[in-house]
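Colleague: Provided below are the primary sequence and the corresponding predicted coordinates.
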Amino acid sequence: MSKLLLLPSLPLIPSPHRYDTFSSASDLQFQCRFSFHSLSPFRSHARRRDPSLRAFDSSSDAKTNQELKEVPTEEGVQDQSVGITDEDYPSGEFDFKPVTGWSSFLVKLKMLVAFPWERVRKGSVLTMKLRGQISDQVKSRFSPGLSLPQICENFLKAAYDPRISGIYLHIDSLNCGWGKVEEIRRHILDFKKSGKFILAYVPLCQEKEYYLACACDEIYSPPSAYFSLFGLTVQASFLRGILDNIGIEPQVERIGKYKSAGDQLARRTMSEENCEMLTALLDNIYTNWLDKVSSSNGKSREDIEKLINEGVYRVDKLKEEGLISNIIYDDEIITMLKERLGVKLDKDLPMVDYRKYSRVRKWTVGISGGRELIAIIRASGSISRVESQLSVSSSGITAEKFIEKIRTVRESKKFKAAIIRIDSPGGDALASDLMWREIRLLAAKKPVVASMSDVAASGGYYMAMGADAIVAESLTLTGSIGVVTGKFNLGKLYEKIGFNKEIISRGRYAELLAAEQRPFRPDEAELFAKSARHAYKQFRDKAALSRSMTVEKMEEVAQGRVWTGNDAASHGLVDAIGGLSRAIAIAKVKANIPQDSQVTLVEISRSSPSLPEILLGVGSSLVGADRMVKELLQGMTFSDGVQARMDGIMFQTLEEYPSGNPILSIIKDYLNSL
C-alpha cells in the first residue's frame, strides 16, 4: 500500500514570509529528450497576450505593472496561450517509422565506425533496473543514480537500434513522483510500437511499480515476491503538541484558506480545507491508476477495484486473475529469452545495461536532429537565490546560475525556442521572481514553453507562469499560489532551560524579528499580517497577469490550493497535458517549425559531478548522507527571506516504516521536506 504522506515543511523562522512550497519526493511527471513527429494538425494562432490592467488594480502595484509593461516585445513573437485549448495544441505523439533501404545501410555504417564503448552485440537485450530515486537532470557518467532523460532516451534508441532485440526491465521499489512514472510508462508504450518485446520482472510491487509493469508485454515475479496492492492513503503529521511540551509557540500568519504550510507546527489536526484539497488529489491519482491498470489488463475498473479491496499480496492470486504472466525466477527468464532469441543454453545471453547503453549516441542508431535548435533548460530541486558554501554541486536551483543560462539562450541567435523543464517544490520567493522576470524577457524574444515534471508548485509554478505555454502531466502537482509566514516564540523554552535574552533597540518595529523570547505585540502582529498579505497579493496578481486572468478569477484558484495537472488545466493554470515531447511539439509550432521536421535539442543545464561522486561512483550512501546534512544546514541558513514553498506531499510504501520509531520517522520526514 502506498501512503500520501504530508511532510512537515521548514520551521517558521524569525524573518520570512513563505509562499508555500512543494517539497516532494512526490509524484508526477516525465519527459523524453527527443522531439517526435506529431500526429495531430495544429491550427496556427498569432494572438499576443494582452496583459490586463485588471491584474493590478491597486495603486500600490502601479510600479510593478509598469515594469511588466516595459518587458520588450518584438514583432513575430507569438503568444498563443490566450483562447487556445488543450485540443488545439499538437499532441507530440511518437510515430515510429522503421528504418529501411539506404537509411538502414547508413545506420550499419555508423555502427561500424562507432566508438568502442558504443559497440553492442547484435541480438542484445537492453536491461534496465528501475529502482530508487530518479532524477530529472541529465547525469554525467560519474554521477550515481538514474536519470529520467537518459532512461527515456534509451527507450527511444532501443526502438530504432537493429542490434537490440528487446528490453528486460527490473522494476523494484521506486522513490519518485507519479509524473516521472507516467513519462516512463509513455515511453514503454512508444517502444512497443517498434514491434520488439519488453518484459518486466517485479520482485517487489506496489502501485507505482505495477503501473509501469502493466504497460509491458509480459510481467514476471518470483514465488516469494512482495506484492502489496492495497490502495493509496494520505496522512498529515502535526508537531504542535511536541512544541507545546518543550515551550515553543509558533506564531503563524497564513494567507489563503488552502495554505497548509505551517499547519504541522501550528495545528494539532488537519484543517477542513486541507482535508478537502488532499482528498481531491488522492481521488485523482487513485482514479487514474484504476483506469490505466484496468485498460492495460482488459478488465473493467470495477474488477480492479474489487481486487484491490480484497487485499492483493499473493502472487498466485495475481496470476490467477491474469495480472501477471507467470511466476518464475530471474534465471528462468534469462533461459526463456535464450530460447526465444535462438541462443544456445550453454552460451551467455547478449545483454547491455542501462549505464553502458546511455553512452550510445543517438547518431549511432540513426536518430539525427535537424538544423533548428531548441534549448532545454532544466530546473530541479529547491529554489535559492545564491549558491551557499554548503551547497552540493548540481543540487537545487540557484537563481544566479539559472538566470545566466536564460540570458545565454536569449542572447544567442541559434536557438529558435526554449523549454523550461521544472521539477521543483519552490523555495526563495525573491529568487523565483527574478527567474520569472528573466523567463518573461526570454519569451519576448523567442517562444518559451514550460514543461512540468513531478511537481511545479509555489516557486516552481512562479517560474512556469512566465512562459508562453505550460505543459503538465495529468498528475503533476502544481499551483499552491499562497503565502505563509511566522516566527517562533521561545519564551517558555528559555524559562525552562534558564536562558535569558535582553534587547536594546531603536525604532518601533526593530524587535519584530529579533525578539524571539516573547510573542508579537498587537501592532507587530498587525504589521506582520499586512506584510504577508502584500506578499500574497504580489504573487497572485503576477499569476493573474501571466495567465491573462482577472484578479478575481485568479483568486478562485489561488489561496494556496494545490492542483493536479488535469484540474489545473481545467482552471486555466496549465495549457496542455503531456510530457516533454508535447512541449517540444508546441515549441515547434510557436517557432514556426513544421511538425514533421526534426529539431536538435541542446541541454543547457547538464550537471557537473562533484569530486565525491567521481571518486565514489554509483554507490555511496555516505555521499547521500553528507548531501542531506549540507542541504539541511543550507536551508536553515538561507531561509531568511520570503519563501515560495509548499508543503511536501510524498507517496511512500508502508514497508518503509515496518515498526519504526515514530520520532525517527518525524525527523526523516522533516529532512525529506527541506
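Modeller: Done, it's in.

Colleague: Check what pLDDT Leu545 gets.
Modeller: Note on Leu545: pLDDT of 92.

Colleague: Could you report the distance from Met554 to Ala443?
Modeller: Note on Met554: its distance to Ala443, by C-beta to C-beta, to the nearest Å, is 19 Å. (C-beta placed from N, C-alpha, C; glycine too.)

Colleague: Compare these two (neighbour count), which wins?
Modeller: The residue with more neighbours, out of Met554 and Ala443, is Ala443; 27 against 24, by other C-beta atoms under 10 Å.

Colleague: my guess is the more buried one contacts Gly466, does it?
Modeller: Yes: using C-beta atoms under 8 Å, Ala443 is in contact with Gly466, at 6.5 Å.

Colleague: Secondary structure element holding the most centrally placed residue in the chain?
Modeller: Centrality entry for the chain: nearest residue to the mean C-alpha point is Asp454, 2.6 Å, by C-alpha atoms, centre = their mean. Secondary structure from DSSP states H and E places Asp454 in strand 448-457.

Colleague: For that strand, what is the distance to the chain centroid?
Modeller: 7 Å (C-alpha atoms, centre = their mean, to the nearest Å).

Colleague: mind exporting stretch 330-339 as PDB, just the C-alpha atoms?
Modeller: Extracted C-alpha coordinates of stretch 330-339, given in PDB (Å, rounded to 0.1, in the frame of the first residue of the first chain):
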ATOM      1  CA  ASP A 330      15.200 -14.200 -12.900                       C
ATOM      2  CA  ASP A 331      17.400 -17.000 -14.200                       C
ATOM      3  CA  GLU A 332      14.400 -18.800 -15.700                       C
ATOM      4  CA  ILE A 333      13.500 -15.600 -17.600                       C
ATOM      5  CA  ILE A 334      17.100 -15.500 -19.000                       C
ATOM      6  CA  THR A 335      16.700 -19.100 -20.100                       C
ATOM      7  CA  MET A 336      13.400 -18.300 -21.700                       C
ATOM      8  CA  LEU A 337      14.900 -15.300 -23.500                       C
ATOM      9  CA  LYS A 338      17.700 -17.500 -24.800                       C
ATOM     10  CA  GLU A 339      15.200 -19.900 -26.300                       C
END
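
Colleague: Offset the numbering so it begins at 765, please.
Modeller: All right, first residue 765 from here; so that's stretch 1094-1103.

Colleague: any low-confidence regions in the protein?
Modeller: For the chain, applying pLDDT under 70 flags the ranges 765-848, 1152-1159, 1370-1408, 1411-1438.

Colleague: quick one, what contacts the residue of it most remote from its centre?
Modeller: When distances to the mean C-alpha position of the chain are computed (C-alpha atoms, centre = their mean), the maximum falls on Ile1268, with 46.7 Å. If you count contacts by C-beta atoms under 8 Å, 6 or more residues apart in numbering, Ile1268 has none.

Colleague: 10 Å instead?
Modeller: Ala1274, Glu1275 (C-beta atoms under 10 Å, 6 or more residues apart in numbering).

Colleague: Surely it is in a helix?
Modeller: No: counting by DSSP: H, G, I helix; E, B strand; the rest coil, Ile1268 is located in no helix; its state is coil.

Colleague: Quickly note the distance from it to Thr1043.
Modeller: Ile1268 sits 51 Å away from Thr1043, going by C-beta to C-beta.

Colleague: again with Met1216
Modeller: According to C-beta to C-beta, Met1216 stands 22 Å off from Thr1043.

Colleague: The two: which is more packed in?
Modeller: Just comparing Met1216 and Thr1043: by other C-beta under 10 Å the higher neighbour count belongs to Met1216, 33 against 11.

Colleague: who's the closest residue to that one other than its chain neighbours bridged to?
Modeller: Leaving aside its chain neighbours, Met1216 sits nearest to Ala1236 (4.1 Å; criterion: C-beta to C-beta, 6 or more residues apart in numbering). When bridges are called by DSSP bridges, Ala1236 pairs up with Ile1341.

Colleague: Hmm, Leu1344 and Ala1236 touching each other?
Modeller: No: Ala1236 lies out of contact with Leu1344 (C-beta atoms under 10 Å); the separation is 11.3 Å.

Colleague: okay, the two: which has more neighbours?
Modeller: Comparing Ala1236 with Leu1344 by other C-beta under 10 Å, the one with more neighbours is Ala1236, at 35 against 32.

Colleague: Show the residue spans covered by the helices in the stretch 1115-1264 of the chain.
Modeller: 1118-1121, 1163-1175, 1193-1209, 1223-1228, 1255-1261 (DSSP state H, counting those that start in this stretch).

Colleague: Make CSV out of those and add distance to Glu982.
Modeller: Shown next, in CSV, are those (distance: least, C-beta to C-beta, whole Å):
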stretch, distance to Glu982
helix 1118-1121, 20
helix 1163-1175, 43
helix 1193-1209, 44
helix 1223-1228, 38
helix 1255-1261, 60
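
Colleague: quick one, which of the ones you listed is packed in tightest?
Modeller: Most buried of the helices of the stretch 1115-1264 of the chain by mean neighbour count (mean count of other C-beta atoms under 10 Å) is helix 1223-1228; its value is a mean of 34.

Colleague: how about the strands in the stretch 915-1064 of the chain?
Modeller: 928-938, 961-965, 968-969, 982-985, 990-991, 996-1000, 1013-1019 (DSSP state E, counting those that start in this stretch).

Colleague: okay, those in CSV with mean neighbour count and distance to Lys861 next?
Modeller: Compiled in CSV, those are given as follows (neighbours: other C-beta atoms under 10 Å; distance: least, C-beta to C-beta, whole Å):
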stretch, mean neighbour count, distance to Lys861
strand 928-938, 21, 17
strand 961-965, 22, 19
strand 968-969, 22, 34
strand 982-985, 22, 26
strand 990-991, 18, 38
strand 996-1000, 17, 39
strand 1013-1019, 21, 53
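
Colleague: Identify whichever of these lies nearest to Glu1036.
Modeller: Shortest distance between Glu1036 and the strands of the stretch 915-1064 of the chain, using C-beta to C-beta, is found for strand 996-1000: 12.5 Å.

Colleague: strand partners of the closest one, parallel vs antiparallel please.
Modeller: Using DSSP bridges, strand 996-1000 pairs in its sheet with strand 766-771 (parallel).
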